[in-house]
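Asker: need a 3D model of the sequence below.
(one chain, ligands or ions: 2)
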Amino acid sequence: MRWTSMKWMRKTALAALLSALLILAGCAPREASRTLFAMDTAVTMTAYGDAAEAGLAAAGDVLTDLEARLSVTRADSEIARLNERGAETLSDTALAVLSRALSAAEATGGAFDPTVYPMVRAWGFFTKEYRVPDAGELDSLRAAGTFRDVRAEGGTVTLAPGMAVDLGGIAKGYAADAMADALGRAGVTSAILSLGGNVRALGEKPDGSAWRVGIRDPNKPDANAAVARIRDCSVVTSGSYQRFFTGEDGTVYHHILDPETGYPVQNELLSVTVFSSDGALADAYATALFVMGKDGALAFWREQSGFEVLLMTKNGEMIATEGLRDVLGDVSPDYTLVWAS
Ligand code: ADP
Ligand code: MG
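Answerer: Numbering: from 1, shown residues only. Ligands and ions are numbered 1, 2, ... in the order given. The predicted model follows:
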């Protein structure tokens, strides 16, 4: 008698638990996800709430529109036409992205420079027909001009002969912000977007907790070196491990170029992650700080505001700026965490 009653009690408790879970699941907010391929990367978007589907459709449209205007590889894009003709009247949208890129170039003293494109092309990073250009070739490409030689009058942009621009170093971050805005306008308050090395969080998770974003370990494909807990923030990583090729002599050449020399940046850094509520800034600065190197990047952070930085170095240091104290967790034992202030 006792046993049967205990069994019955257990069964009832189990049934109650199960139905509570089902009710909870029924109450859980709607979730919608979508993956598309744009800006040379897989883009995944997840949104919550009743407006999730409509929000994702709007965000997808924003991304498709930006790509069609900015892509250097689509002959009919505004930027491709500017590069082809040397002068072009741009839409307000394309002009806005270009002007963000030029501001980032100015702020970083040219460490980020959207006019490195002819040199990026010379290395074959766009066609994937890789080659090692010689210093003379790179010098003459550089001599055509820098970001300071981009003229904008009204909506018309003019380049010096031989120059070309590529907004690829800022476009994904800019797009992430514009997509988050579109989601917000559609009524979504909770979403997470991932565009290659760019993650953009809108609001917080539906349960009120922070989003957890893995920071890739540059030495271990598919492993995280740390996890960041973020709300309403962009997290962008640039690293030498993302796109590279190996030359005939065994040298590894990666895709972030020092605009001064046209050669892939060689310093103590493996990756730079920038955290900011401004995704375009985070994207451009991740590239720029990689070019600046460890000391330059930290000096830049000290004199500027609006972003935090995580650097991973070749000698196993993970250097994090003060503002990340409540953000960073699960640091891999392979790294020594150092706080910068
Ligand atoms: P990805 O676009 O691969 O995520 P980044 O955001 O770091 O990487 O941008 C690097 C891309 O920007 C390169 O592929 C190249 O086209 C271009 N680029 C390379 N060096 C620079 C630089 N110093 N400033 C601006 N753009 C750069
Ligand atoms: Mg970038």
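Asker: up against ligand 1, what does the protein have?
Answerer: Residues of the chain found near ligand 1 (CB under 6 Å from any ligand atom) are 112-114, 116, 120, 125, 166, 168-169, 196-197, 238, 242-243, 255-257, 259, 283, 286-287, 291. Yep, even glycine has a C-beta here, placed from its N, CA and C like the rest.
Asker: show me these that map onto helices.
Answerer: Val120, Asp283, Ala286, Thr287, Val291 (DSSP state H).
Asker: give me the nearest residue to the second one, chain neighbours excluded.
Answerer: Counting by CB to CB, 6 or more residues apart in numbering, Asp283 lies nearest to Gly173, which is 2.6 Å off, once chain neighbours are set aside.
Asker: can you narrow the residues of the chain next to ligand 1 to ones near ligand 2?
Answerer: Among the residues of the chain next to ligand 1, the residues that sit close to ligand 2 (CB under 5 Å from the ion) are Gly169, Asp283, Ala286, Thr287.
Asker: verify the contact between the last one and Gly169 for me.
Answerer: Yes. Distance between Thr287 and Gly169: 4.7 Å, which falls inside the contact criterion (CB atoms under 8 Å).
Asker: what is in contact with the two at once?
Answerer: Contact with both Thr287 and Gly169 is made by residues Phe112, according to CB atoms under 8 Å, 6 or more residues apart in numbering.
Asker: what residues are up against the residue most central in space within the chain?
Answerer: Residue closest to the mean C-alpha point of the chain, counted by CA atoms, centre = their mean, is Asn198 at 2.5 Å. Counting by CB under 8 Å, 6+ apart, Asn198 makes contact with Lys172, Gly173, Ala176, Ser234, Val235, Val236, Gly279, Ala282, Asp283.
Asker: let me know the closest of these to ligand 1.
Answerer: Asp283 (5.5 Å; CB to the nearest ligand atom).
Asker: ok, that closest one touching Gly168?
Answerer: No. Look at Asp283 against Gly168 with CB under 8 Å: they stay out of range, at 9.6 Å.
Asker: with neighbour numbers in mind, choose between the two.
Answerer: A count of neighbours by other CB atoms under 10 Å puts Asp283 above the other of Asp283 and Gly168, at 35 against 23.
Asker: so which bits of this structure are right by ligand 2?
Answerer: Counting by CB under 5 Å from the ion, the chain comes close to ligand 2 at Gly169, Asp283, Ala286, Thr287.
Asker: any chance of TSV for those residues, columns pLDDT and distance to Asp92?
Answerer: Output for the residues of the chain next to ligand 2, formatted as TSV (pLDDT from 0 to 100; distance: CB to CB, whole Å):
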residue	pLDDT	distance to Asp92
Gly169	96	21
Asp283	98	20
Ala286	98	26
Thr287	97	25
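Asker: nothing else from me, thank you.
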